[in-house]
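Asks: got a structure for you, letters missing:
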């Protein structure tokens, strides 16, 4: 991705159709991150050299409050809510292209990036907080594992680095994992146990960590 390409994303005044163009540009970058030949990490390697420039010149300007926001807040609150505070885009009756703004695409792009980089550390933190997690109310750990760990085994794009960490988390939490979670945990770990290499990326750490986690679950059955 050349600096000249990124410069075209910069927009002082994002009004249609330029806002739609910027939105599509962010979506293209998100697509590159998600569909790289070796998953999000390979996509991040392609984007990261220019990320600082991209953030300062395009992502941040799309996120900050602007005159159009203030105008819609004061003159058309429903439109403001629809564009900026929807609870679920899939529940909106009728497809509206104007809802897919540069801001939403920028937020989505940051979410994709966080999935490839930040979540790696989040998973490590979960495993290191097992004593604290044991002290939480019943159901807390089940919710955390169901919503934050197990979904990683079902994503369409392979994430070997994150899956390896997820395996480790399940192994670390084996002693306090609710009984009703065992079947789902075993199923996910067995899937990781046979994960094939992805291009030049070895999945041996995924397989080894899955084997260790399975052993931990068996010890605590």
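Replies: Nice, thanks for sending it over. The structure displayed is predicted, hence computed values, not measured ones.
Asks: distance of residue 77 from residue 103?
Replies: Distance of residue 77 to residue 103, computed by C-beta to C-beta, to the nearest Å: 17 Å. All C-beta atoms are positioned from the backbone trio N, CA, C, and that covers glycine.
Asks: ok, residue 52 next?
Replies: 20 Å.
Asks: do the same with residue 33
Replies: In terms of C-beta to C-beta, residue 33 sits 18 Å off from residue 103.
Asks: kindly report the same for residue 196.
Replies: 39 Å.
Asks: quick revisit: which one's more surrounded, residue 52 and residue 103?
Replies: Taking other C-beta atoms under 10 Å, residue 52 and residue 103 do not tie; residue 103 has more neighbours (23 against 9).
Asks: next helix or strand past the least confident helix or strand in the chain by mean pLDDT?
Replies: Lowest by mean pLDDT, DSSP states H and E among the helices and strands of the chain is helix 3-7, with a mean of 50. Next along the chain after helix 3-7, taking DSSP states H and E as the criterion, comes helix 18-34.
Asks: elements contacting that next one?
Replies: Applying 3 or more C-beta pairs under 8 Å, 6 or more residues apart in numbering; DSSP states H and E, one finds that helix 18-34 makes contact with helix 40-47, helix 102-116.
Asks: just the mean pLDDT for the first one, thanks.
Replies: For helix 40-47, the mean per-residue pLDDT is 70.
Asks: what does stretch 82-90 give?
Replies: What stretch 82-90 shows for mean pLDDT is 56.
Asks: and the helix or strand where residue 68 lies, how far out from the chain's middle?
Replies: Using DSSP H and E, residue 68 sits in helix 67-75. Centre-to-centre, helix 67-75 and its host chain are 30 Å apart (C-alpha atoms, centre = their mean, to the nearest Å).
Asks: now do stretch 59-78
Replies: The chain centre lies 26 Å from the centre of stretch 59-78; the measure is C-alpha atoms, centre = their mean.
Asks: could you list the low-confidence segments of the protein?
Replies: Along the chain, segments meeting pLDDT under 70 span 1-17, 36-42, 84-100, 115-117, 138, 156-158.
Asks: now the most far-flung residue of the chain relative to its centre: how far from residue 185?
Replies: Note on the chain: the largest C-alpha distance from the chain mean falls to residue 75, namely 34.6 Å (C-alpha atoms, centre = their mean). From residue 75 across to residue 185, the span is 52 Å (C-beta to C-beta).
Asks: residue 130 now?
Replies: As judged by C-beta to C-beta, residue 130 and residue 185 stand 14 Å apart.
Asks: for those two, indicate the residue with more neighbours.
Replies: Shown here are residue 130 and residue 185; by other C-beta under 10 Å, residue 185 has more neighbours (24 against 16).
Asks: my guess is the more buried one meets residue 141, correct?
Replies: No. If you go by C-beta atoms under 8 Å, residue 185 and residue 141 don't touch, sitting 11.5 Å apart.
Asks: overlap in contacts, these two.
Replies: residue 177 (C-beta atoms under 8 Å, 6 or more residues apart in numbering).
Asks: in the strand or helix carrying residue 82, which residues are buried?
Replies: Using DSSP H and E, residue 82 sits in helix 77-84. Of all the residues in helix 77-84, those buried under the rule 16 or more other C-beta atoms under 10 Å are 80, 82-83.
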